[in-house]
Structures are given as C-alpha cells and as structure tokens.
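In: structure of the sequence below:
(chains A and B)
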Amino acid sequence: MKSGFPLLLSGLFLGVAQLATAQGTTVTLPKTVEAGTPFSIQSNGSGKATLYIIGTGQVLKRDVQLGESTSFPAGSLYNAGRYLAVLTQDSSTQNGSFDVVPASKPAEMSFFAKPSRLPVGLHDGITGTVYVFDTYHNLISAPTPVSFELSTPSGTLQKRALVTSEGAAWTAMDSTAQQGIDRFAARIGDISSTRIVGQVPGDPCTLKMNARQSGQQVELITDPVRDCSGNAIPDGTIVTFTQSYKGTQSTIDQPLKRGVAQVTMQVHPGATLSVASGVVMGNQIGWTK
Amino acid sequence: MTAHKRFLVLLAGCIVLSQAAIAQVAVHVEPVTLHSPRPLTDQSKAAVIRDYLHAWSGLQAALEQNRPELLDADFVGIAKDRLADTIHQQGQLGIRTHYQDRSHDLRLLLYSPDGLSIELTDTVEYDVQLIDHDKVISTQHESARYLVVLAPSEVRWRVRVFQSTHD
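Out: Below is the predicted model:
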C-alpha cells in the first residue's frame, strides 16, 4: 500500500489529535469522538477518493473529494468502539484508527435484582446488579455514581451509594423482619429502575397445639403459627399431627387455615400426640383419658 | 501411491499444519480478582473463556460472509443486534471485513451475585482486512481493549455486550 494524502479528522472530538504513521505516511486522526456527535473529515490533495470507516459496530463508506471537508451529521457514528478509517484513491490507500466513546450522560440501565421472593430476615439475601448505558446503548465505562434503595411498606429503607466500575455496580441487602412487598430501586442521575421483591415469612418459630375431647374423638388445634419475627405463616402451609401408640404411628397432614391447623381424630388412651411443620417440631401431649 | 504423490500429500499436510500454526491465537488469562461475593468455579471460568473465544470465530465468519445468522450461537441482545446491523450495512455497501484475532489478554472483572452475567476485559491484537466487491482494499493490524458482558443461556455463555473501549 502506498499513500499520497494525509487524512485529517476533525469535529466534536474528545482528546488531542494523534499523529500516526502508516506505510511511511503521516496520518492525522483524533483519539476519540463522542457517540452520536457530528464530525467532519478533512483531506488534502486533489481528485476523488473513497473513504471507509470500519468497525464491528458500524460501517460507513463515502465518496469524498480530496482537499474538501466531508461532514458527518449527528448520529452518523453512534456505536462506541474502535474504528478504522481507510481512504483509497486509485491504488493509494491510507489507514488510521480512532475511537468512538460513549456519551457521558447515562440514559438507561439494565437492573438485575434477585430473588423476586425470599424469606424475611436473610442477611445479604437480596442482590442487585446494574449496567449503565448511554442513549445509544453504549456501556458507559467511566465511573458513574449509582444508588440502590430497598424500601418496605412500613418505610424501612436500606441505601447504598456506589460508583460503577467498567460500567457495572452491584450490591447486596438484607431482607427485613416484616413480610410484605418491598421496592428495590437503582438510581443513576435522573433515571431509575424498580423491582418488586416479595418478602414472605420464614419457617415457623414455635409450634404449639392444644387438645380437647370432642365427643368420642379428640380435637387438636394449634396456636396461630408464626415465624421468629412474628409474621403469620401463610395459609396452606402443611402441619403434620402424629399419634404414637404402642410402637405404631398414624399421621394426618392438615393445611393452615386462617393461621391455624385443626384436626379431629380418634386417639387411644396412653397415646402420644405430636405436631410438626416441615423441619420444625412442636410440643407433645400425652393423652391419658 | 507413487513417491511423487506421497511427496505432494506430505507437502499439503505440512502447508495445512503451518497455516493452523499461523492462525493459532495466543490467549492469556489474568489471575481472577473478581469483585463479587459469588465464587467462580474453575469449570465456569473455563466455560466462559471457551465460549467467549468461540464468539470471535462466530464474529469472524459472520462479518466475512455477511451472514448474520452465524451470530446466533454466540451473541445475544445488544451485541447481536449491533453486529447484525453492521453486517446489513456491509451487505448494502458491497463490502466484507475479515477480523483475525492474534492474541487475547483476558481479565475477569465481575461475576454478578445473581449469576446472570460475567464481565471481562480483553486486550486483543487482531488484523482487519477490508474487502470491497471481492477486492482487498486494506489490511491493518490493531490492538483494542474490549469490554464484554456474557450471559448464561441454555448450554453456553453468550456475549451480550461487546464494545471496544478507549483507554
């Protein structure tokens, strides 16, 4: 390749123009141009030539008149990345490269929050990750302040103020003691994104049943079942009642209804009655009547 | 087979081997210093690197043949849309580009706590060849630092963000 003309780019560039050498020819190129801003290319010499701007994000091709300025309006190059500028005239070719950088103002974010539902009282149970983009969906690699907020219906607020690194930031927060619907928000400047996180009761904390005679049978009923933070365990949670008598066992599974589980069963005098829910054991009652 | 034919077969084999050696890509991975509470197993790390390097092959083929469907296996989201748009632009202009990566210097930055993304940087040495209507216009060697975000899909990691950055 030989070259017969210097290639000069100018416009809304960030940084200082660089002098590079390709095949012994001087090429003047900017270091950077901000995504979406207008720019122009000035070439010396005379005659017609073809200018290619090549990148994995975009490709442009222009017929240019050497010695004149070729203008690229706003929005011509908007995908951030490394671009090669190749100017050809007859058998002469001149190469150079420059970077299109993201716009500095954040315009959108990808906010990943997990999980959408979790038990109360879990340390670092809720995590959020953001990636920050400009208006052209370029990842903004420059450090950018971001804040995370987790708010509960009762107003409890956890806040974290961070700065992105290479376009990303993440945090972990505790689920609170109270069940309900929380709002998990990420804010960057004047843009924000919110995810809903459902906090559900944990495992039952204490499980207590009472027994009373009901005709020929025995009625077993639990106290309202709650987790260790006092949240009611949701209806539908299975509670297992067990009767142990002379080496045999009989069980009845019963879902919670209005916070309690209730069952009526035939009980042998001398049997032991017990109650459990999942891995949580409740009290035992020795039935002597 | 005559001695002459054997010699030709041997010569052809040597040429293929030497081409493979030339096309071999040097890969260096920096020690992992992840900013994340989530541990990255050696198996996951190997899978991420393997799938990312494979994505370069997909990119090369897609941009050289102007076939956006060749991106499907390795790219997703913004990265795929952008490369597909570039291929569309190349097709309209009658040009093709051949990207040949020569070396990768990889550094894993972030494994998000939810496990849904991995971010890495890659300082790549590569050659770019510009072909206009089957005429090679230019070949240029480049070095660029790429910022890459990968996301897990059914059986592999796919590139979601693929963007070279200004140092």
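
In: what's the closest non-adjacent residue to the residue nearest to the spatial centre of chain B?
Out: By C-alpha atoms, centre = their mean, the mean C-alpha position of chain B lies nearest to residue B:56, the distance being 1.2 Å. Leaving aside its chain neighbours, residue B:56 sits nearest to residue B:101 (5.1 Å; criterion: C-beta to C-beta, 6 or more residues apart in numbering or on different chains). For glycine as for every other residue, the C-beta is placed from the backbone atoms N, C-alpha and C.

In: same check on residue A:189?
Out: Closest to residue A:189 by C-beta to C-beta, 6+ apart is residue A:106, at 5.5 Å.

In: could you do residue A:172 as well?
Out: residue A:124 (3.9 Å).

In: who are the packing partners of the lengthiest helix in chain B?
Out: As assigned by DSSP state H, the longest helix anywhere in chain B is helix B:42-65. Packed against helix B:42-65 by the contact rule (3 or more C-beta pairs under 8 Å, 6 or more residues apart in numbering or on different chains; DSSP states H and E) you find strand B:26-29, helix B:77-93, strand B:95-111, strand B:118-132, strand B:135-152, strand B:157-165.

In: with only the CA atoms kept, save the shortest one in CSV.
Out: As requested, C-alpha coordinates have been extracted for strand B:26-29 and formatted as CSV (Å, rounded to 0.1, in the frame of the first residue of the first chain):
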residue,chain,number,x,y,z
ALA,B,26,-2.4,-16.7,21.9
VAL,B,27,-4.6,-16.5,25.0
HIS,B,28,-3.5,-15.2,28.3
VAL,B,29,-5.9,-15.0,31.3
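
In: that one packs against which elements?
Out: helix B:42-65, strand B:95-111.

In: same thing but at 10 Å, please
Out: helix B:42-65, strand B:95-111, strand B:118-132 (3 or more C-beta pairs under 10 Å, 6 or more residues apart in numbering or on different chains; DSSP states H and E).

In: just the buried positions in the first one, please.
Out: Within helix B:42-65, the residues that qualify as buried by neighbour count (16 or more other C-beta atoms under 10 Å in any protein chain shown) are B:44-45, B:47-49, B:51-53, B:55-56, B:58-60, B:62-64.

In: ok, back up a step: average pLDDT across the longest helix of chain B?
Out: Per-residue pLDDT over helix B:42-65 has a mean of 96.

In: tell me what angle that helix forms with strand B:157-165.
Out: Helix B:42-65 runs at 70 degrees relative to strand B:157-165, counting by axes from the mean of the first three to the mean of the last three C-alpha atoms, to 10 degrees.

In: between helix B:42-65 and strand B:95-111, how many degrees?
Out: If you take the same axes, to 10 degrees, helix B:42-65 sits at 160 degrees to strand B:95-111.

In: what's the spacing between helix B:42-65 and its chain's center?
Out: 5 Å (C-alpha atoms, centre = their mean, to the nearest Å).

In: again with stretch A:133-141
Out: That offset, for stretch A:133-141, works out to 16 Å (C-alpha atoms, centre = their mean).

In: what's the answer for stretch A:165-178, then?
Out: Centre-to-centre, stretch A:165-178 and its host chain are 9 Å apart (C-alpha atoms, centre = their mean).

In: would you mind listing the buried residues in it?
Out: A:166, A:167, A:168, A:169, A:170, A:171, A:172, A:173, A:175, A:176, A:177, A:178.

In: wouldn't the first one be in contact with residue A:143 here?
Out: Yes: taking C-beta atoms under 10 Å as the contact criterion, residue A:166 and residue A:143 are neighbours in contact, 9.0 Å apart.

In: pull out the buried positions in stretch B:99-114.
Out: B:99-102, B:104-114.

In: just stretch A:256-275 next, same as before
Out: Of all the residues in stretch A:256-275, those buried under the rule 16+ other C-beta under 10 Å are A:256, A:260, A:261, A:263, A:265, A:267, A:271, A:273, A:274, A:275.

In: distance of the third one from residue A:240?
Out: Put plainly, it is residue A:261. To residue A:240, residue A:261 is 9 Å away according to C-beta to C-beta, to the nearest Å.

In: and residue B:62, what is it in contact with?
Out: B:68-72, B:74-75, B:80, B:83-84, B:86-87, B:90, B:99 (C-beta atoms under 10 Å, 6 or more residues apart in numbering or on different chains).

In: cutoff 7 Å now
Out: B:68, B:70, B:71, B:83, B:87 (C-beta atoms under 7 Å, 6 or more residues apart in numbering or on different chains).

In: now residue 72: closest residue in space, sequence neighbours ignored.
Out: Because you didn't say which chain, this covers chain A. Closest residue in space to residue A:72, ignoring its immediate chain neighbours: residue A:39 at 5.1 Å, by C-beta to C-beta, 6+ apart.

In: could you do chain B instead?
Out: residue B:80 (7.6 Å).

In: thanks a lot, catch you later.
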